[in-house]
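Chemist: based on what follows, work out the 3D shape:
(one chain, ligands or ions: 1)
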Amino acid sequence: MKSYQHILLAVDFMPGVEQICQRAKQLAECCDARLSIIHVVEPMIMAPPYEGMPSLPVDFEDQMLDSARDSLRQLVEKEGLEEANWTVEIGAVKWTIIEHAEQWQADLIVIGSHGRHGLSRLLGSTANAVLHSAPCDVLAVHVENP
Ligand code: AMP
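Modeler: Here you go, the predicted model:
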């Protein structure tokens with residue numbers, strides 16, 4: 001059986017993200033696989049403001065993208081992932097991860113699982129959502145009490 005060749009790591013900036021990064025890095029090294037990293041910014045819905053509510057600045061989305069890029073750049077440096085390609089995209093988190101896995105022909109998606117219980121488990125997390133539509137294997141890294 002062939003080992004993984006292209007691993008797609010999906011990150012948010014929640015506590016415990018380091019554990020997910022290190023697992024993906026370790027796997028990429030073990031398999032001699034390429035590593036790509038994605039963070040998705042969800043678009044703001046530009047509904048007309050209600051009375052008394054300030055409207056969002058026109059370039060708000062650009063500002064969010066810029067600050068997400070800064071955060072991801074810092075995470076990549078902190079976790080020693082400089083050899084990976086990384087990107088920040090705008091869209092629905094689940095579909096954007098799936099689309100990129102398809103486009104980049106990733107054969108493994110690495111994602112965090114925060115092991116939450118109750119309602120959020122019933123409704124499904126991002127990991128759950130990705131797992132059900134992924135074109136490839138998915139590794140849900142269990143994040144220990146960050
Ligand atoms: P959640 O279901 O929100 O607890 O997220 C579980 C995992 O999904 C995170 O640990 C990340 O691996 C991934 N994820 C969540 N949000 C994003 C995002 N905006 N961009 C990329 N990956 C994400």
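Chemist: contacting residues for the residue of the chain found nearest the ligand?
Modeler: At 2.3 Å from the ligand, Gly112 is the closest residue in the chain, using C-beta to the nearest ligand atom. From N, CA and C alone the C-beta is placed, and that goes for glycine too. Applying C-beta atoms under 8 Å, 6 or more residues apart in numbering to Gly112 gives the contacts Val11, Asp12, Met14, Gly16, Val17, Gln19, Ile20, Ala127, Ala140, Val141, Val143.
Chemist: what do you get if the cut-off is 7 Å, keeping everything else the same?
Modeler: Residues counted as contacts of Gly112 (C-beta atoms under 7 Å, 6 or more residues apart in numbering) are Gly16, Val17, Ile20, Ala127, Val141, Val143.
Chemist: can you list those in TSV and add pLDDT and secondary structure?
Modeler: Shown next, in TSV, are those (pLDDT from 0 to 100; DSSP: H, G, I helix; E, B strand; the rest coil):
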residue	pLDDT	secondary structure
Gly16	91	coil
Val17	94	helix
Ile20	96	helix
Ala127	88	helix
Val141	92	strand
Val143	85	coil
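Chemist: hang on, the residue of the chain closest to the ligand is in a helix, isn't it?
Modeler: No - using DSSP: H, G, I helix; E, B strand; the rest coil, the assignment for Gly112 is strand, not a helix.
Chemist: so what's the residue count around the closest residue to it other than its chain neighbours?
Modeler: Computed as C-beta to C-beta, 6 or more residues apart in numbering, the closest residue to Gly112 that is not its neighbour in sequence is Ile20, at 4.4 Å. Counted by other C-beta atoms under 10 Å, the residues lying close to Ile20 total 24.
Chemist: tell me the contacts of Ile20?
Modeler: Contacts of Ile20 (C-beta under 7 Å, 6+ apart): Val11, Val110, Gly112, Val141, Val143.
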